[in-house]
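>>> Below: sequence and its predicted model.
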Amino acid sequence: MHIATLLANPTRANLDRAAVEALRDAWGGGAANWLNPGVAAEFAVDTVPANRWDAWEGLQGIGIDLVVQPAEGRRKAMILADMDSTMIGQECIDELADMAGVGALVAGITRRAMNGELDFEGALLERVGLLKGLPAEVIGQVLAERITYTPGGRELIATMKANGAYAALVSGGFTAFTTAVAAHLGFDEHRANTLLVENGALTGDVARPILGREAKMAALREISDRLGIRHDDVMAVGDGANDLGMLGLAGAGVALHAKPSVAAQCDIRINHGDLTALLYIQGYSTDEFA
């Protein structure tokens, strides 16, 4: 048995009953269950329909996401999340670079690295090198003035934790940011790279080892082993090429507003919904949100 979930962005709430029932009827599905009127609905199907991606493509054109996944084990015991452009709306290194006067240059490197065109570690070192001499106090300014949280993040973490799940934030960014973001959203732990500071200014380097794609996979393995849960019990979410390893290893790997080359390698693609979509695809309705 599989579950098909249709999702709209909550700010638009444009998921109508006709669209849900048309797909349900075409696929011979069960009764539609509305998790949030106008935003999320689901129904059961016996198998994954052969035209799944054609249907997905058609719904994308009207701003609707479609996820089809096994019914068994949908509710996960752990959420493993990327930070930049996932739990927050920015790439922290790009914001620091903008303050340092090299914003456009660094943003271009970031874009190519997240799309998988550049080696992550090399691209990180190149970008951090361009920040050399930037006063460390700028980090606090960026946090206060430039960082915004992706809608639905607090509900996602609070609801999963209220149902016994563990929440870990794993970032190829920096601990100076994950510390604040993890605390704000309620994560149980966080891992990231450490910017090196000397005499109150960034040195242009990070502590070793560098946390990249392999380290995110290692985090999934280590934390799930520690908790005594299977990889299938983990939901991972990210948007960049350095997230693909953990997205593939997790039982549910969610490409959230991801780079096209990243989304193409994931079965769960959320392009229109916010972070509450990760609750709906687990079968949570709005009255179950913490």
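All right, it came through fine. Residues are numbered from 1 along each chain as shown.
>>> can you pull out the strands in the stretch 101-250 of the chain?
For the stretch 101-250 of the chain, applying DSSP state E, counting those that start in this stretch gives strands covering 166-174, 189-193, 195-198, 201-206, 234-238.
>>> Go through those and pick out the most buried.
strand 234-238 (a mean of 29; mean count of other C-beta atoms under 10 Å). To be clear about C-beta, it is placed using only N, CA and C from the backbone, and glycine gets the same treatment.
>>> what packs against that strand?
strand 78-81, helix 213-227, helix 244-249, strand 252-256 (3 or more C-beta pairs under 8 Å, 6 or more residues apart in numbering; DSSP states H and E).
>>> What's the first helix or strand after the shortest one?
Scanning forward in sequence from strand 78-81 by DSSP states H and E, the next helix or strand is helix 92-99.
>>> elements contacting that next one?
Using 3+ C-beta pairs under 8 Å, 6+ apart, helix 92-99 is in contact with helix 103-114, helix 120-129, helix 138-145, strand 166-174.
>>> And the protein, what are its domain boundaries?
1-72, 76-290 (automatic domain parsing).
>>> hang on, Ala77 packs against Gly164?
Yes - between Ala77 and Gly164 there is a contact under C-beta atoms under 8 Å: 6.8 Å.
>>> Compare those two (neighbour count), which wins?
Ala77 (20 against 9; other C-beta atoms under 10 Å).
>>> Return the distance of the residue nearest to the more buried one when sequence neighbours are not counted relative to Arg213.
Using C-beta to C-beta, 6 or more residues apart in numbering and skipping the chain neighbours, the partner closest in space to Ala77 is Asp233 (4.2 Å). Using C-beta to C-beta, to the nearest Å, Asp233 is found at 21 Å from Arg213.
>>> What of Leu275?
22 Å.
>>> In terms of packing, which of the two has more residues around it?
Leu275 (24 against 19).
>>> burial count for the residue nearest to the more buried one when sequence neighbours are not counted?
Spatial nearest neighbour of Leu275, excluding adjacent residues (C-beta to C-beta, 6+ apart): Gly152 at 3.3 Å. A count of neighbours around Gly152, defined by other C-beta under 10 Å, yields 20.
>>> repeat for Met160
So Met160, with other C-beta under 10 Å, has 24 neighbours.
>>> and it, what is it in contact with?
Taking C-beta atoms under 8 Å, 6 or more residues apart in numbering, we find Met160 in contact with Lys76, Ile79, Ala167, Leu279.
>>> hang on, the earlier thing: with respect to Gln69, which of the strands of the stretch 101-250 of the chain lies nearest?
strand 234-238 (10.7 Å; C-beta to C-beta).
>>> I'd like the distance from stretch 235-255 to the chain centre, please.
Stretch 235-255 sits 8 Å away from the centroid of its parent chain (C-alpha atoms, centre = their mean, to the nearest Å).
>>> And the helices and strands packed on strand 234-238: which comes nearest Gly129?
Among the helices and strands packed on strand 234-238, the nearest to Gly129 by C-beta to C-beta is helix 213-227 (20.2 Å).
>>> Make CSV from the strands of the stretch 101-250 of the chain and add mean pLDDT and distance to Leu96 to it.
Converted to CSV, the strands of the stretch 101-250 of the chain look like this (pLDDT from 0 to 100; distance: least, C-beta to C-beta, whole Å):
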stretch, mean pLDDT, distance to Leu96
strand 166-174, 96, 9
strand 189-193, 97, 13
strand 195-198, 97, 9
strand 201-206, 96, 8
strand 234-238, 98, 21
